[in-house]
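K.L.:
sharing a sequence plus its predicted fold:
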Amino acid sequence: MLLRPLPYPQASRLLSLWTSYPASNGQPDLLSPPNYFDVAARSRTLEAVGAYDDMNFALAGAGQPE
């Protein structure tokens, strides 16, 4: 749920790209780095291409992880 508009001009034009493989039974999967670079280099319809990774992990040192 968005409580305020995204801080990008023309945010309605943002999209996420996924891929699927026969072994994934049609389920969406992340683009591999080589596929990402192919899309970035060859797309004629996208103005710009970027990548991100959403990972969860806990860092521990002294005390409890946060």
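P.N.:
Received it, and whenever you're ready, just let me know what you need.

K.L.:
quick one: contacts for the spatially most central residue of the chain?
P.N.:
For the chain, the residue nearest the mean C-alpha position is Tyr52 (4.6 Å; C-alpha atoms, centre = their mean). With contacts defined as C-beta atoms under 8 Å, 6 or more residues apart in numbering, Tyr52 has no neighbours. Every C-beta, even on glycine, is put in place using the N, C-alpha and C of the backbone.

K.L.:
where's it, which helix or strand?
P.N.:
If you go by DSSP states H and E, Tyr52 is not part of any helix or strand.

K.L.:
likewise for Gly50?
P.N.:
In this structure, Gly50 sits in neither a helix nor a strand according to DSSP H and E.

K.L.:
gap between it and Ala62?
P.N.:
Gly50 is 36 Å from Ala62, where distance means C-beta to C-beta, to the nearest Å.

K.L.:
quick one: which of the two has more around it?
P.N.:
Per other C-beta atoms under 10 Å, whichever of Gly50 and Ala62 has more neighbours is Gly50, with 7 against 4.

K.L.:
and that one, what pLDDT?
P.N.:
In this model, Gly50 is scored at 90, pLDDT.

K.L.:
show the backbone phi and psi for it.
P.N.:
Note on Gly50: backbone dihedrals following degrees, to the nearest 10 are phi -140, psi 170.

K.L.:
so what's the residue count around Pro34?
P.N.:
8.

K.L.:
so which bits of stretch 33-48 are buried?
P.N.:
Tyr36 (16 or more other C-beta atoms under 10 Å).

K.L.:
now the residue nearest to the centre of the chain: how far from Leu14?
P.N.:
Tyr52 is 12 Å from Leu14, by C-beta to C-beta.

K.L.:
same check, this time on Ser24
P.N.:
24 Å.

K.L.:
ignoring the adjacent residues along the chain, who's closest to Ala40?
P.N.:
Of all residues not flanking Ala40 in the chain, Val49 sits nearest, at 4.1 Å (C-beta to C-beta, 6 or more residues apart in numbering).

K.L.:
figure out the helix or strand that Glu47 lives in.
P.N.:
Glu47 belongs to no helix or strand, assigned by DSSP H and E.

K.L.:
that'll do, ta.
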